[in-house]
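Participant: Quick one: sequence plus predicted model below, questions after.
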Amino acid sequence: MPTEQRSHVVSIDQGTTSTRAMVFDRRGRVVAVDQQEHRQIFPRAGWVEHDAMEIWENTRLVVGGALGKANLNATHVAAVGITNQRETTVVWDRATGRPIHNAIVWQDTRTQAICDELARDGGTDRFKAVTGLPLATYFAGPKARWILDHVDGARARAEAGELLFGTIDTWLLWNLTGGADDGGIHVTDVTNASRTLLMDLRTLQWDAAAAEAVGVPLAMLPEIRSSSEVYGTCKPGILIDVPVAGILGDQQAATFGQACLDVGTAKNTYGTGNFMLLNTGEEIVASTHGLLTTVCYQLGDAKPVYALEGSIAVTGSLVQWLRDNLGLITDAKEVETLAASVEDNGGAYFVPAFSGLFAPHWRPDARGALVGLTRFVNKGHIARAALEATAFQTREVLEAMNADSGVPLTELRVDGGMVVNETLMQFQADLLGVDVVRPVVAETTALGAAYAAGLAVGYWRSTDEIRENWGEDRRWSPQLDEKERERLFRTWKKAVQRTLDWVDEDTP
């Protein structure tokens, strides 16, 4: 069936806690979805791993599940797009297709010693002029170095071209297009490559000097391509002969799906962590306020579009922590009911620096703190403090964004799993002093990847259709007195200070 006659696009959304497949129609509406959670592996404090084979198997399951629910098959699909948890690192054997170690997740902090070692020559901004990133455990390059340093014989095999490196997008693409058995394609896109500490933002190619310094052989790195082009076609399986035509890291995908296609537009995704991106167009804007400079997207042969990003490590995962570690709730949805049982936070502030603080602080020495406790505080106040932590951290990032861009945002587009929480969204508007706007399709990450893939094969003709498809679902306007807003934020900043300098050199 010709591409123009195929009726739908499939998006694979591989996230930190689960994998989803979503089927979209031409209006950008969700036709069907299937989802599978995967295990979170915590070998020791600060270490987070995933089983990459489990993720691949789940991907196959959810694609079949979504197509089945939509009563479609491969002949109805114009293209497939991939969006993924960024920075999570897989190293695998080219010949067997088996990972040589569990995937090291973006939240993992085991590479702090590597980052400290690299910072001795040039400080934490050693690679920032080239890559747009500070030295931090967040990024993929040092994670690959750690695997090569800790798996017997891995470095020599990587230098010989026997091992392959990839973020999750690369791992899924390689398997979808044949893997070890049938010529899997070893490619990443510019958005994921820009999260490795190894890519030159200007040339959009691997920087040999950075790769050598970090300790990652060029022979194991994938080819860098645009975010919207046909990389190859799926080999025998559910999506046989369907072109894989779009790849965007999850936060860039959400930005694209939110139709933040003009300079100065921004979105904030509320997921496992929170990620705010501001489109800066074709200009590379260097941050002086703790943000990252990153590639927003590149469509085929067009010039790349860049962004400023504020990354927050722990937001939605704090609600999971209340559920799984404390047993305060039995379902994540219960947190809003519990938080709404009290009028305010009772003076309690929860700073979830479980793996240090990301933007705008970049303090790996920080650890989580629940402060301001009195006998008055109950579990409702703690639930509310946990929700408010997301809004407080977002305000910190927004202030940095305003300072770097010089253009204060007048409204914030939001998406992700937490935006169904009305209490949180209202408090977010109150704390920012600007409107918070939720789109009709709140899961814009998967939609953005679908758009990238569909544009590449002509399913959508231009980005104008993306703008037309975007629709507002709900808007929250500030209701809090400015004096009270500033008092709350001032106290939050005091709470953040209590978390710093917690990790000493002899801390395990």
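Facilitator: Good, I have the coordinates. Fair warning: this is a prediction, and the values are worked out from it, not measured in the lab. Residues are numbered from 1 along each chain as shown.

Participant: farthest residue from the center of the chain?
Facilitator: Most distant from the centre of the chain: residue 375, at 38.2 Å, with distances by Cα atoms, centre = their mean.

Participant: Quickly find the element holding that residue.
Facilitator: Using DSSP states H and E, residue 375 maps to neither a helix nor a strand.

Participant: show me what contacts it?
Facilitator: By Cβ atoms under 8 Å, 6 or more residues apart in numbering, the contact list for residue 375 is empty. Quick note: C-beta positions are derived from backbone N, CA and C, even for glycine.

Participant: just residue 14 next, same as before
Facilitator: Contacts for residue 14 were tallied using Cβ under 8 Å, 6+ apart; they are 55, 59, 82-85, 168-169, 172.

Participant: Mind putting the residues you listed into TSV with distance to residue 449 and secondary structure?
Facilitator: TSV is the format used below for these (distance: Cβ to Cβ, whole Å; DSSP: H, G, I helix; E, B strand; the rest coil):
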residue	distance to residue 449	secondary structure
55	16	helix
59	13	helix
82	6	strand
83	4	strand
84	9	strand
85	13	coil
168	12	helix
169	9	helix
172	11	helix
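
Participant: got a winner among the residues you listed for most neighbours?
Facilitator: Highest neighbour count within these: residue 83, with 37 neighbours (other Cβ atoms under 10 Å).

Participant: I'd guessed it sits against residue 449; true?
Facilitator: Yes. Contact status for residue 83 versus residue 449: in contact at 3.8 Å, counting by Cβ atoms under 8 Å.

Participant: which residues do the two both contact?
Facilitator: Shared contacts of residue 83 and residue 449 (Cβ under 8 Å, 6+ apart): 11-13, 247-248, 253.

Participant: Among those, which are located in strands?
Facilitator: 11-13, 247-248 (DSSP state E).

Participant: Show me the longest helix that occurs in the protein.
Facilitator: Scanning the chain for the helix with the most residues, using DSSP state H, yields helix 379-405.

Participant: What residues of that helix count as buried?
Facilitator: Under the neighbour-count criterion of 16 or more other Cβ atoms under 10 Å, helix 379-405 has 380-401, 404-405 buried.

Participant: rewinding a little: make a markdown table from the ones in strands among the shared contacts of residue 83 and residue 449 and add pLDDT to it.
Facilitator: A markdown table is the format used below for these (pLDDT from 0 to 100):
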| residue | pLDDT |
| --- | --- |
| 11 | 97 |
| 12 | 97 |
| 13 | 96 |
| 247 | 97 |
| 248 | 97 |
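
Participant: top of these by neighbour count?
Facilitator: residue 248 (35 neighbours).

Participant: Dig out what it forms beta bridges with.
Facilitator: For residue 248, the beta-bridge partners are residue 83 (DSSP bridges).

Participant: tell me the contacts of it?
Facilitator: 81-83, 189, 191, 227, 256, 297, 448-449, 452.

Participant: switch the cut-off to 6 Å
Facilitator: By Cβ atoms under 6 Å, 6 or more residues apart in numbering, residue 248 lies in contact with 83, 191, 227, 448-449, 452.

Participant: and what of residue 431?
Facilitator: Residues near residue 431 by Cβ under 6 Å, 6+ apart: 391, 395.

Participant: tell me the SS of it?
Facilitator: What DSSP: H, G, I helix; E, B strand; the rest coil gives for residue 431 is helix.

Participant: State whether residue 322 and residue 328 are indeed in contact, as I suppose.
Facilitator: Yes. Counting by Cβ atoms under 6 Å, residue 328 is a contact partner of residue 322 at 4.4 Å.

Participant: Among those two, which residue is more densely surrounded?
Facilitator: Higher neighbour count among residue 322 and residue 328: residue 322, with 22 against 18, using other Cβ under 10 Å.
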